[in-house]
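*Asks:* Provided below for reference: sequence and predicted model.
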Amino acid sequence: MRILIIGGGMGGTILANNLARRLTTELKSGKARITMLSASDKHMYQPGLLYLAVGRITPDELYRDQASLLEPGIEFHVDPVTEFHLDKNEVLTRGGKTHAYDVLVIATGSRMVPESIPGLAENCETFYTEETALKMFKRLRAFEGGRVVITVGVPHKCPMAPLEITFMLHDYFKDRGILDKVKLHYTYPIGRTHSLENVAKWATPEFDRLGITYETLFNMKEVDGENKILKSEEGSEVPYDLLIAIPAHKGMEVIEKNGLGQNGWIPTHRHQLNMEGRTNVFVLGDTTNLPISKAGSTAHFEADTLGENIAAMVKMGTPVRDYDGKVFCFIEAGKDRATYAMFNYQNPPDPKAPTKAVHWFKMAYNKLYWVSARGLL
Amino acid sequence: MAERRIIDARGSFCPGPLMELIAGMKMANVGEELEVLSSDKGSATDVPEWIKKVGHELLGTREENGVWHIVVKKAK
């Protein structure tokens, strides 16, 4: 069975390694073959960008060589797909090569699209790429006080990022001794401070305690950069001196261009993770249209399920289990305290009060990630 | 009549049905109808609240076997 994985991010990498371990014998005998096509020879630890934006890590800490993360036996090419020919079970790459498959896994991820809001890209700081996170940190270093507005687009990658960056900014300015000159104002798209009700119940009194103001039911409409005003779809206007944005995201362009899903999100079965209408095409991570968090842990748990299922398809001709919607997110509550939220399709999370212990576990996970990507944790 | 866009947000705690609707609205055309499926009874309140605040149109809300069906129309 020829298994073709498109995308070398967290989901694709964990899946490839998971499968390589389960199919050691089949890979040796030629009964199975695993090929990965990626746009880059580097693998980025994306959650690290949050720390880069506040000067807590350096850019080199974000990367490893992708090939070094993959199990022997996985064929890896830096050659992104440009065309999907699902009816022929083939893809075409930028390098002009055709790859045929029996099972295809699409894990191409998502990207921020600040340009979707007029004036936003030119007037905000953000942290979803190395370049923008570094630029944001340099801007923070030069900032001497004023009104800092945090604003949130929909959908976005990492549901905890809005809260985390707000609490981390609070502690950053406090450490610099200029908190009394800074006014933090948080906006959020729905009628509470976070989509998870139990997280909002914890975060809102924290905001009150720290003097962080907030406005809910606030969806960005446009930014008037000349007058430094952020306007919402709901009709309000918020002045700012420094605008920090969690921009809306889309899936990758190649997905939409090939007609696989509007805005780059592929319609996906919520339990089997196959592309709707296709039995040999699976989707992982941000690329799905599932109503769950666009987060690394989602890709991780989906990859675990898919690894078990595809290996079972090779060995016994049928998948063996369903994805239950599991997500686990750390929540940094500042520079030295954190909590977490774990939930699935059936059970909401019940986050506890932040502790230093969870923060240090998150710090450890930032290093352990590389073990996780290898499919060992 | 154009096909109604279904947003199946059952079991969605994060981002949740309203966030899914907001994302769906961005992809919809003016005049298009969207039907949100939610297993969270709170959606019966918070979706209409947002629809009213932004100025879209609420066409109906009903509950069937623990799933709320909220039908809205993109007005602008």
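*Replies:* Here it is on my side, so go on. Numbers count the residues shown, from 1 in each chain, chains lettered A, B, ... in the order given.
*Asks:* Excluding chain neighbours, what is closest to the single nearest residue of the stretch 151-300 of chain A relative to chain B?
*Replies:* Nearest residue of the stretch 151-300 of chain A to chain B (C-beta to the nearest C-beta) works out as A:P291 at 3.6 Å. The C-beta positions use only the backbone N, C-alpha and C, and glycine is treated the same way. Nearest residue to A:P291, sequence neighbours excluded (C-beta to C-beta, 6 or more residues apart in numbering or on different chains): B:S12, at 3.6 Å.
*Asks:* Sketch out the low-pLDDT regions of the stretch 51-200 of chain A for me.
*Replies:* For the stretch 51-200 of chain A, no stretch is flagged by pLDDT under 70.
*Asks:* what about the strands in it?
*Replies:* For the stretch 51-200 of chain A, applying DSSP state E, counting those that start in this stretch gives strands covering A:63-65, A:74-78, A:81-85, A:90-93, A:98-100, A:103-106, A:110-112, A:146-152, A:182-187.
*Asks:* so what's A:N258 closest to, chain neighbours aside?
*Replies:* Ranked by C-beta to C-beta, 6+ apart and with sequence neighbours excluded, the top spatial neighbour of A:N258 is A:F84, at 4.5 Å.
*Asks:* Give me the neighbour count for the one you found.
*Replies:* Neighbours of A:F84 under the rule other C-beta atoms under 10 Å in any protein chain shown: 20.
*Asks:* Pairing partners for it in the sheet, please.
*Replies:* Beta-bridge partners recorded for A:F84 (DSSP bridges): A:V91.
*Asks:* any idea how far it is from A:A248?
*Replies:* In this view, A:F84 and A:A248 are 24 Å apart by C-beta to C-beta, to the nearest Å.
*Asks:* Just confirm B:K41 is within a helix.
*Replies:* No. B:K41 sits outside any helix when classified using DSSP: H, G, I helix; E, B strand; the rest coil, being coil.
*Asks:* what's the pLDDT at it?
*Replies:* Per-residue confidence (pLDDT) for B:K41: 88.
*Asks:* Show me which residues of chain A are close to chain B?
*Replies:* Chain A comes close to chain B at residues A:116, A:154-155, A:159, A:189-191, A:195-197, A:217, A:219, A:233-235, A:248, A:262-263, A:270, A:291-293, A:325, A:327, A:329, A:341, A:343-346, A:348-349, as judged by C-beta under 8 Å from any C-beta of the partner chain.
*Asks:* Tell me which helix or strand the residue most central in space within chain B sits in.
*Replies:* Among the residues of chain B, B:V36 comes closest to the average C-alpha position under C-alpha atoms, centre = their mean, at 3.7 Å. Using DSSP states H and E, B:V36 sits within strand B:33-38.
*Asks:* just the CA coordinates of the helix or strand just after that strand, formatted as CSV?
*Replies:* Toward the C-terminus, strand B:33-38 is succeeded by helix B:43-54 as the next helix or strand (DSSP H and E). Extracted in CSV, the C-alpha atoms of helix B:43-54 (Å, rounded to 0.1, in the frame of the first residue of the first chain):
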residue,chain,number,x,y,z
SER,B,43,-26.4,28.7,21.3
ALA,B,44,-30.2,29.3,21.3
THR,B,45,-29.4,32.5,23.2
ASP,B,46,-25.9,33.6,22.1
VAL,B,47,-26.4,33.1,18.4
PRO,B,48,-29.5,35.3,18.2
GLU,B,49,-27.8,37.9,20.4
TRP,B,50,-24.9,38.2,18.0
ILE,B,51,-27.1,38.1,14.9
LYS,B,52,-29.1,41.0,16.3
LYS,B,53,-26.1,43.0,17.3
VAL,B,54,-24.4,42.7,13.8
